[in-house]
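>>> Got a sequence here, can you build the structure:
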Amino acid sequence: MFTVRPVRTSDLPAIERLALASGIGVTSLPNNREKLFERIQQSASAFEHEATGASSRDYYMFVLEHGGNVVGTASICASAGFDEPFYSYRSETAVHASRALGVHNRIHVLNICHDLTGTVQLCGFYVDGGLDAIAAELMSRARLLFIAGERERFGRRVIAEMQGMHDDAGQSPFWNAIGRRFFNMDFLQVEQAFVSHSKTFIAELMPSYPVYVPLLPDEAQQSIGQIHPHFERVCQLLCKEGFEADNYLDIFDGGAVLTAELDRLKTVEQSRGHPVEIQASLPAQASLQLLSNDRLAGFAATAARVAVVDGVAFINPDAAKALGVSSGDAVRVAGLQQA
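As a prediction, this is how the structure comes out:
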C-alpha cells in the first residue's frame, strides 16, 4: 500500500536519490545534500508548530512510501519567495501604432515581475518512473488534502511551476536566447547558482526592460509556455484540479506557471471529513478513493477502498493502519481523478 507522510531526517539518502533522478530543471528539488537537509529541517519545524495563520516561512515536505521504501516526494511552500522576491516573466501584449502610416501592431512581450511573491507554491514533485497513475496522483493530491485540513495555514492563491523545454544535454532554447546573454552561464550552471546563492542575482543581471518575443530565435519562441514531457503527468493532474496556465512563465526555461484560487481546487472544495469505522468487510458501494487523517506531524494519506454511509467512512484494517486511525477518529475523503 502506498502511503504519504511528512519527510523525516532519516529520509535524506532517499531524497538525495530522488533529487538526482529528477534530472535537470527541478530547482525545487536540488541535487545538493546541504540544501536538501536544510529543507527537511525546515519542514520538520513547520509540522511541529500550531497554526497561527499563514506563515510565510513554512515549508512542508512529504514522501511517498511503499513497502518501507521512499519512492516519491512533493512539497508545499506556504509563501513563494518568502525571503526574496519570486521572479517570473509576465506575458503581455504591447501595441505599436502609427496613424500616419496606418500601422497598428500588437507585439508579444515578456516583462520580468514578482507578482507571484507570497502565493502558496506546490513544488518539489517527483516519483520514481514506472509507478502507476494512482501512486502519482496520491503523491500530488495528498498535499491538497493536507491544505484542506489545515486551511488557516495557507493564503488564497496557489501556483505550480512546470519544467520548460530542454534537451538531454541541458540546453534550453529559451535560456540560450535570453538569460545566457546576460549571465554568460549555461543552463546547468545557472541552475546550480539558483540553488546555492541568493536569488537577487536575477534582478542584478536579467534585463529589466520588456523582451520582444518576435526578436527571439524561432526555437526559443516555440518553447514559450511549453512543458517538458517529464512534467506532462503532473501537469494533467493539476489541470484536473482546476489549475490553469496563466500569463506567467518560468524566468529560466520559459515553462508555464500554473495558477489557481486555492479554495476552488477540487480536492480542497469537494473533500469531506467523516468519522471512521473500521471493519474487514466493507459495504457493497465501497470504492477506491483518497484518504487522509486529521493529524499535523502525524499526517498520513493513502488510496484505499472506502464507503461513506450516513456520514460515516467505513475502511478496512489495512487502510486504518496506513493512516494510523482507530474507529471514531476523523478522516478526509476525496474521489480519485483516475476513476
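>>> so where's the stretch 51-200 of the chain shaky on pLDDT?
Counting by pLDDT under 70, the stretch 51-200 of the chain contains low-confidence ranges at 52-56, 195-200.
>>> Break down it into its helices, ranges please.
Taking DSSP state H, counting those that start in this stretch as the criterion, the stretch 51-200 of the chain carries its helices at 133-149, 173-177, 179-183, 187-196, 200-205.
>>> Ok, which of these comes nearest Val127?
helix 133-149 (5.1 Å; CB to CB). Where you see a C-beta, it was placed from the backbone N, CA and C, and this is true even at glycine.
>>> Would you mark the buried spots in the closest one?
For helix 133-149, a neighbour-count test (16 or more other CB atoms under 10 Å) marks 134-149 as buried.
>>> sorry, back to before: can the helices of the stretch 51-200 of the chain go into CSV with extra columns for distance to Thr302?
Shown next, in CSV, are these (distance: least, CB to CB, whole Å):
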stretch, distance to Thr302
helix 133-149, 7
helix 173-177, 39
helix 179-183, 41
helix 187-196, 32
helix 200-205, 39
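>>> Among those helices, which comes closest to Val95?
That would be helix 173-177 among the helices of the stretch 51-200 of the chain, by CB to CB, at 23.5 Å.
>>> Residues contacting the closest one, please?
Helix 173-177 is contacted by residues 164-166, 186-187, 190, 216-217, 219-220, 222-224, 252-254 when judged by CB atoms under 8 Å, 6 or more residues apart in numbering.
>>> rerun that using 10 Å as the cut-off
With contact meaning CB atoms under 10 Å, 6 or more residues apart in numbering, helix 173-177 is reached by 25, 89, 110, 164-167, 180-181, 183, 185-188, 190-191, 211, 213, 215-226, 249-255.
>>> among those residues, which are in strands?
Judged by DSSP state E, the subset of those located in strands is Tyr89, Leu110, Val211, Leu249.
>>> How far does stretch 220-239 stretch from one end to the other?
From its first residue to its last, stretch 220-239 covers 25 Å (CA to CA, to the nearest Å).
>>> Centre of the chain to that stretch, how far?
13 Å (CA atoms, centre = their mean, to the nearest Å).
>>> go on, stretch 22-41?
With CA atoms, centre = their mean, you get 14 Å for stretch 22-41.
>>> So what's the residue count around Arg156?
For Arg156, the neighbour count with other CB atoms under 10 Å is 11.
>>> Where does the closest residue to Leu145 other than its chain neighbours sit: helix, strand or coil?
Leaving aside its chain neighbours, Leu145 sits nearest to Ser292 (4.1 Å; criterion: CB to CB, 6 or more residues apart in numbering). Here Ser292 takes the strand state, with states given by DSSP: H, G, I helix; E, B strand; the rest coil.
>>> where does Ser292 land on pLDDT?
With respect to pLDDT, Ser292 scores 98.
>>> and if you look at Gly25?
Note for Gly25: predicted pLDDT of 61.
>>> So Met336 is in contact with Glu137, correct?
Actually, residue 336 is Leu. It isn't Met. Yes - Leu336 lies in contact with Glu137 (CB atoms under 10 Å); the separation is 6.7 Å.
>>> That's all I had, so thanks and see you.
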